[in-house]
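*Asks:* 3D model of this:
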Amino acid sequence: MPETDIANPGSQLPEDQASPALEPGPENLPHDAPIDSGDIFEVHFWGVRGSIPSPGPETVRYGGNTSCVEMRVGGKRLIFDGGTGLRVLGKHLLSQMPIEAHIFFTHSHWDHIQGFPFFVPAFIPGNCFQIYGAIAASGETMKQRLTNQMLHPNFPVPIQIMKSDLKFVDLTVGDQVSLGDVTIETGLLNHPNSAMGYRVSWKGHSVVYATDTEHYPDRVDENLVHLARDADILIYDACYTDQEYNDPKSPKTGWGHSTWQAGLEVAKAAGVKRPVMFHHDPNHDDDFLDRVESEVQAAFPMAILAREGMILRVI
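*Replies:* Numbers count the residues shown, from 1 in each chain. All right, here's what the predicted structure looks like:
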């Protein structure tokens, strides 16, 4: 049986394009299966938007929440970034407590941390969260930056009101985290004030989370190609089209974000099976993203655009 194309519900992919990296849509996947079952590797997108939340009737199909991706792998729950999608994930987790999870931040620009103060499970005793992130160029740890955004006058209650067990781990580029037989590699991304990409590997399969990175004008980013080598899935910052990025009236060079065209170059150079375009610009409505996805799939049939609520099964 050819698999269902999650990007176009109801359609089917040709037999020669079917891939084990993509299973049927979220309604058919056992996302509420016990996390300690230890026999799944799946990726759930809770927030796929960049820069600022963009709710409304024109963003219903792709979603308006900012970056948050959950991976359930080898009995572990990993969460990448804490944009407003983290609030939605938190509501979902309330039926599964007590919760133990590992939260990895790429960086602390606001669209990647603004959901953390609204992550309800962090306020509940008995839950445990190990939180990872790089030390900023200013010397601030991720713990300090998450604490600072919850200080007056920005927020009414301090981080100390969170009664779950919060443990913070400082990372530097090149560090590797081992959680049993799950391995998380880190890599440098090209972004103002820097950002960190992650590669999650288990049982010979890998998913790479590389959002908030900008391509180079004269070469493919070799750091990113190495991080994404032979990955089953590459989640890539495709905020712009080439036309937008190079617009002579309003160029986006130096803004720290990339294009879907550059993302496919990385995917091809790295031997990625399925690129997933992520971090959609808040000005890109559903119809615009539909057109982008058609162009993306014409260039790389296995590529898709990330949608809020989408679940990809690796194994």
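*Asks:* give me the residue at the spatial middle of the chain.
*Replies:* Nearest to the mean C-alpha position of the chain, counting by Cα atoms, centre = their mean, stands Val69 at 4.2 Å.
*Asks:* quick check: bridge partners of the closest residue to it other than its chain neighbours?
*Replies:* The spatially closest residue to Val69, leaving aside those adjacent along the chain, is Phe80, at 4.5 Å (Cβ to Cβ, 6 or more residues apart in numbering). Where C-beta positions appear, they are placed from N, C-alpha and C, glycine not excepted. Legend: beta-bridge partners of Phe80 under DSSP bridges are Val69, Phe104.
*Asks:* now Phe80: how far from Val157?
*Replies:* Taken as Cβ to Cβ, to the nearest Å, the spacing of Phe80 relative to Val157 amounts to 25 Å.
*Asks:* who has more neighbours, these two?
*Replies:* Using other Cβ atoms under 10 Å as the criterion, Phe80 and Val157 rank with Phe80 on top: 28 against 12.
*Asks:* I'd say that one and His102 touch.
*Replies:* No: at 9.5 Å, Phe80 does not count as touching His102 under the criterion of Cβ atoms under 8 Å.
*Asks:* buried residues in whichever strand or helix holds Asp170?
*Replies:* Element membership for Asp170, per DSSP states H and E: strand 165-171. Residues of strand 165-171 classed as buried by neighbour count (16 or more other Cβ atoms under 10 Å): 166, 168-169, 171.
*Asks:* again with stretch 113-130
*Replies:* Those would be 113-122, 124, 127, 129-130, for stretch 113-130 by 16+ other Cβ under 10 Å.
*Asks:* strands of the chain, residue ranges please.
*Replies:* Listed in chain order, the strands found in the chain under DSSP state E are 41-47, 68-73, 76-80, 100-104, 128-134, 165-171, 176-179, 182-189, 195-202, 205-210, 233-237, 274-278, 304-305, 311-313.
*Asks:* how far does the last one sit from the chain's center?
*Replies:* The chain centroid and the centroid of strand 311-313 are separated by 13 Å, computed with Cα atoms, centre = their mean, to the nearest Å.
*Asks:* and the fifth one, by the same measure?
*Replies:* Centroid displacement of strand 128-134 relative to its chain, using Cα atoms, centre = their mean, is 16 Å.
*Asks:* so what touches it?
*Replies:* By Cβ atoms under 8 Å, 6 or more residues apart in numbering, the list of residues contacting strand 128-134 from outside reads 98-105, 107-108, 121-122, 141-143, 145-146, 164-173, 177, 194, 196.
*Asks:* not counting its neighbours along the chain, what's nearest Lys167?
*Replies:* Take Lys167 and drop its neighbours on the chain: the residue closest to it by Cβ to Cβ, 6+ apart is Gln130, 4.9 Å away.
*Asks:* beta partners for that neighbour?
*Replies:* When bridges are assigned using DSSP bridges, the partners listed for Gln130 are His102, Lys167.
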